[in-house]
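**Student:** predicted model, plus sequence, below.
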Amino acid sequence: MFFKKIIILIVGLLFTFSSYAQEKFTLSGTITDIKTNETLIGVNVYIPETKSITRTNEYGFYSITLPTANYTILVSYIGFQTLSKKIELSEDKKINLSLSEDGEVLEEVLITNINPRSSIRAPEMSMNKLSISAIKKMPVVLGEVDVIKSLLLLPGVTNAGEGASGFNVRGGGADQNLILLDEATIFNSSHVFGFFSVFNPDAIKDLKLYKGGIPANFGGRVSSVLDIYQKDGSSKGFHMNGGIGLISSRLLLEGPLVKDKGSFLIGGRSSYGHLFLKLSEEQKNNSVYFYDLNAKLSYKLDPNNNLFLSGYFGRDVFSLNKSFTNIYGNSILNLRWNHLFSDKLFSNLSLIYSDYYYGLDLDFVGFKWDSGIKNYNIKYDFKNYISDKFKLNYGLNAIYYDFNPGTIKPSDSNSGINFAQLDKKYAFEPSLYISATQEVSKKLSLSYGLRYSLFYRLGSSTVNIYENENPVTFNTDLQIYEKAKPIGTKFYDKNEVIQSYNNLEPRFSASYQLNDEQSIKASYNRMTQYLQLISNTSSPTPLDVWLPSDNFIKPQIADQVALGYFRNFNNDNYSLEVETYYKKVKNRLDYIDGADLIANKAIEQIILNGQLRSYGLEVMLRKNKGKLNGWISYTLSKSEQQTPGRTAEESGINSGNWYNSNFDKLHNLAVTAAYNLNEKWSFGSNFALQTGQPTSFPNGQYEYLEINVPSYGLRNENRLPTYHHLDISATLTPRKNKNRNWKGEWVFSVYNLYNRKNAASINFRQNADSGTNEAIKTSIFGIVPAVSYNFKF
């Protein structure tokens, strides 16, 4: 009996010691810029002893749970000095850390997937993050720094050419990209019809582009997510920076409201190229310009609660002799509350308003036209850091949409135009999601989740009723599609459900680490898009109209799979990324021949539901460090669309065969490089080459009433000539900047160095003298030199 008691006591002691040895504690905190107190997104927090790694979230918060022991914390971030700190973890600890900017700016990384070594391990692929400092060094047209144009240098990203708005990702349309600024939706990302983007680079803190493997907290678009966050503003001291260019200037001010607790940021940008038109007698009544304003207030209530109020307002104005005026732009407002429930549970509640407005004032015919889309969004997100090997993200989201397809009203009392309102449309889109990131073993990491989205098309609205519920009929004699005549209408009261949808959207990605330098990754995601852009152009225009899914317009549903190989070389100085993907989109809208989209009260009469497929191979080789850095990217891809007949008698679009989509680019090559010669001079260059845009040229002609009329063959069977250009830049930073508060730099750039006349379009017309048809190529830019001056204080 005595020995039995001894054995029980020993076993109990061993169990106690074992339990103590396995006891774990949580290390958490916020990481900021030591100079401005700005929180930093995506900072790597690495524990060498356990090879554990975590990253700060969108608000600079990190959390990691480890067994009790002594550890070394290594904190690294692009453009900042790596911080090493030793700690004893014997209880839950909250340690806020600050990083100093790296004085060795020659080692700046241009593009990264967060960190070369951590990107090998993470179950994350098809995502790129561009640093704003690198974007500012890229040569661009007219010297205007452009966030959107910098994306075109990444694999799998193209656009319709010079002066085209938006961007296309993996063969998708520009309307299939979700563009977020501080979590608010931007419906038009371009100024001056696509020449510049709406994002002021001085106000941007972080930028990520998801092309695949999209996390479950994102939804609403089927191709990509561009997630952009604005700076919070400095709570340490007052700072000012800006730039003066040939056609626009910008200024940004930031400083403390209450030192180390609250901050403000306000930035403005405006073009003034229209002022030069006043010098010409012929052009003095014409005008084209843009302006935008970024603002943000941040306040720390206590260690566990933060408030943010951010906004953006932008407008474009285009006027011809004051008889034609076009005004359009975005407005957003976002109130956010960060709350820390514990050192393992972080939350963010956002109330968001977004508005896109488009207006026309046609004084010569006496009427005004207004259209747009507004949405009211509430979202609540949680990040639960359960352990160093398992993390949960979950949340819910609800968006109410208010669509105005068009309002026509007289411009004055003498106008003969009567007031008219196209039927306004309303919709409600709630959703919820949950996702997990799990380190299964030292080699295998997983990320998986599920998003459940719903959509309700709401009244009040009058809906057409058609025979057999078919708004488009097929004329078997002429072999063409025609508008069907409504046989009646039905009125739905306010908030009455006209049509509803719901979809499950699974997300999955995996990373298998072959060794410290290489890994294989795979991903799958399903995305649903309930909003449709009514447009038959290859790139978005301000006149395009957004409409909700309803009983005639079905939501787009995309399934994408991707497989990739990732490797780092030479102590992470070089990185190689190879990805292949296949994407299929159901219910992609197509238009019948001769479709009229402008002010159409019954858009369902001219559209058909088709499908889109795209597949390709992407390769990116990057040099991450040193005086010379940059990357080479190449994409081999195919993007096709098909709209088959609904019955055996119908021919479908393009005889029901697959045809090149407007976004098909077989080859896409981009080379970008930056060379830092010394502290005074740095240089940059870009080279881009893309297969020409698909188009349809006449393949014959016939005579009607003594007029030669061209005839066309299959849709998009021709192409514009190959698109390519070379750009260079040089940045001069005076050495006297070192000891001055005022620091300035001169940027000299040349866009399209060898004066390539890339075709924006090719049109055909009848020569007035010879009577023969002739092709006319339209080019936008030749060689464009520019100079700008940037400063900060």
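**Tutor:** Thanks, I have it.

**Student:** from now on I want contacts and neighbour counts done on CA atoms only, so please keep to that.
**Tutor:** Fine.

**Student:** same question for stretch 51-64, mean pLDDT?
**Tutor:** For stretch 51-64, mean pLDDT is 90.

**Student:** oh, I was asking about stretch 487-504
**Tutor:** Mean predicted lDDT for stretch 487-504 stands at 95.

**Student:** and the end-to-end length of it?
**Tutor:** 35 Å (Cα to Cα, to the nearest Å).

**Student:** can you give me the buried ones in that stretch?
**Tutor:** Within stretch 487-504, the residues that qualify as buried are 497, 498, 500, 501, 503, counting by 16 or more other Cα atoms under 10 Å.

**Student:** from residue 491, how far off is the closest residue to the first one other than its chain neighbours?
**Tutor:** Beyond its immediate neighbours in the sequence, the residue positioned closest to residue 497 (Cα to Cα, 6 or more residues apart in numbering) is residue 458, lying 4.7 Å away. In this structure, residue 458 and residue 491 are separated by 11 Å, where distance is defined by Cα to Cα.

**Student:** output the below-cut-off pLDDT ranges for the stretch 451-600 of the chain.
**Tutor:** In the predicted model, the stretch 451-600 of the chain carries pLDDT under 70 at residues 536-543.

**Student:** typo on my end, the chain
**Tutor:** 1-22, 102-118, 163, 276-283, 536-543, 737, 771.

**Student:** need the single longest strand in it, by residues.
**Tutor:** What stands out as the longest strand in the chain, according to DSSP state E, is strand 390-410.

**Student:** show me what that strand is packed against.
**Tutor:** strand 367-384, strand 420-421, strand 425-439, strand 545-548 (3 or more Cα pairs under 8 Å, 6 or more residues apart in numbering; DSSP states H and E).

**Student:** can I get these in a markdown table including mean neighbour count?
**Tutor:** As requested, these are exported to a markdown table (neighbours: other Cα atoms under 10 Å):
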| stretch | mean neighbour count |
| --- | --- |
| strand 367-384 | 20 |
| strand 420-421 | 14 |
| strand 425-439 | 21 |
| strand 545-548 | 22 |
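
**Student:** to residue 166, which of the ones you listed lies closest?
**Tutor:** Checking the helices and strands packed on strand 390-410 against residue 166 by Cα to Cα gives strand 545-548 as the closest, at 15.0 Å.

**Student:** so which residues make contact with that closest one?
**Tutor:** Strand 545-548 is contacted from outside by 371-373, 403, 405, 425-427, 457, 530-535, using Cα atoms under 8 Å, 6 or more residues apart in numbering.

**Student:** helix or strand next in line after it, which one?
**Tutor:** Using DSSP states H and E, the helix or strand that follows strand 545-548 towards the C-terminus is strand 556-569.

**Student:** neighbouring strands - and their directions - for that next one?
**Tutor:** strand 518-529 (antiparallel), strand 574-591 (antiparallel) (DSSP bridges).

**Student:** any chance of these in CSV with distance to residue 382 and mean neighbour count as columns?
**Tutor:** Formatted as CSV, the strands paired with strand 556-569 follow (distance: least, Cα to Cα, whole Å; neighbours: other Cα atoms under 10 Å):
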stretch, distance to residue 382, mean neighbour count
strand 518-529, 21, 24
strand 574-591, 30, 20
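
**Student:** of all the ones you listed, which one is nearest residue 715?
**Tutor:** strand 574-591 (11.7 Å).

**Student:** just to confirm, which helix or strand has residue 638 in it?
**Tutor:** strand 628-642.

**Student:** that strand packs against which elements?
**Tutor:** Secondary elements touching strand 628-642 (3+ Cα pairs under 8 Å, 6+ apart): strand 607-623, strand 659-660, strand 667-676.

**Student:** those into TSV, with extra columns for distance to residue 208?
**Tutor:** TSV is the format used below for the helices and strands packed on strand 628-642 (distance: least, Cα to Cα, whole Å):
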stretch	distance to residue 208
strand 607-623	17
strand 659-660	29
strand 667-676	18
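
**Student:** among the buried residues of stretch 487-504, name the ones in helices.
**Tutor:** For the buried residues of stretch 487-504, not one is inside helices, with DSSP state H as the criterion.

**Student:** name the nearest of those residues relative to residue 88.
**Tutor:** Nearest to residue 88, judged by Cα to Cα, of the buried residues of stretch 487-504 is residue 503 at 47.9 Å.

**Student:** now that closest one: how far from residue 248?
**Tutor:** 45 Å.

**Student:** what does residue 175 give?
**Tutor:** 28 Å.

**Student:** higher neighbour count, those two?
**Tutor:** residue 175 (25 against 19; other Cα atoms under 10 Å).

**Student:** which residue sits closest to the more buried one, ignoring its sequence neighbours?
**Tutor:** That would be residue 533: by Cα to Cα, 6+ apart, it lies 6.2 Å from residue 175.

**Student:** and residue 235, by the same measure?
**Tutor:** residue 256 (4.0 Å).

**Student:** output the contacting helices and strands for the strand or helix carrying the one you found.
**Tutor:** Per DSSP H and E: residue 256 is located in strand 248-258. With contacts taken as 3+ Cα pairs under 8 Å, 6+ apart, strand 248-258 sits against strand 239-244, strand 262-271.

**Student:** and the contacts of the first one?
**Tutor:** The one in question is strand 239-244. With contacts defined as Cα under 8 Å, 6+ apart, strand 239-244 is touched by 202, 249-255, 788-793.

**Student:** now do 6 Å
**Tutor:** Under the contact criterion Cα atoms under 6 Å, 6 or more residues apart in numbering, strand 239-244 has outside partners 249, 250, 251, 252, 253, 254, 788, 789, 790, 791, 792, 793.

**Student:** now swap in the last one and tell me
**Tutor:** In this structure, residues lying in contact with strand 262-271 by Cα under 6 Å, 6+ apart are 233-235, 247-257, 289-299.

**Student:** show me the contacts for residue 787.
**Tutor:** Residue 787 is in contact with 747, 748, counting by Cα under 6 Å, 6+ apart.

**Student:** meant to ask about residue 667, not that
**Tutor:** So residue 667 contacts 635, 636, 690, 691 (Cα under 6 Å, 6+ apart).

**Student:** of the residues you listed, which is the nearest to residue 191?
**Tutor:** residue 690 (23.3 Å).

**Student:** ok, now how distant is the closest one from residue 760?
**Tutor:** Where residue 760 is concerned, residue 690 sits at a distance of 13 Å (Cα to Cα).

**Student:** centroid-nearest residue for this protein?
**Tutor:** Geometric centre of the chain, nearest residue: residue 226, 2.2 Å, by Cα atoms, centre = their mean.

**Student:** isn't it right up against residue 182?
**Tutor:** No. The criterion here is Cα atoms under 6 Å, and residue 226 misses it with residue 182 at 10.9 Å.

**Student:** bridged to the residue nearest to residue 175, which residues?
**Tutor:** In beta-bridge terms (that is, DSSP bridges), residue 533 pairs with residue 546.

**Student:** what is the burial count for it?
**Tutor:** If we define neighbours as other Cα under 10 Å, then residue 533 has 17 of them.

**Student:** same question for residue 478.
**Tutor:** For residue 478, using other Cα under 10 Å, the count is 7.

**Student:** check the secondary structure at it for me.
**Tutor:** Following DSSP: H, G, I helix; E, B strand; the rest coil, residue 478 is assigned to coil.

**Student:** give me every residue that touches residue 683.
**Tutor:** 674, 675, 729, 730.

**Student:** highest neighbour count among those residues?
**Tutor:** residue 674 leads the contacts of residue 683 on contacts (other Cα under 10 Å) with 26 neighbours.

**Student:** and that residue, what is it in contact with?
**Tutor:** Per Cα under 6 Å, 6+ apart, neighbours of residue 674: 628, 629, 683, 684.

**Student:** can you tell me the closest non-neighbouring residue to it?
**Tutor:** residue 684 (4.4 Å).

**Student:** direction included, what does the strand or helix carrying that neighbour pair against?
**Tutor:** Using DSSP H and E, residue 684 sits within strand 681-690. With DSSP bridges as the test, strand 681-690 is paired with strand 667-676 (antiparallel), strand 723-732 (antiparallel).

**Student:** just how off-centre is the last one within its chain?
**Tutor:** Going back to what we said before, that points to strand 723-732. On the basis of Cα atoms, centre = their mean, to the nearest Å, strand 723-732 sits 24 Å off its chain's mean C-alpha point.
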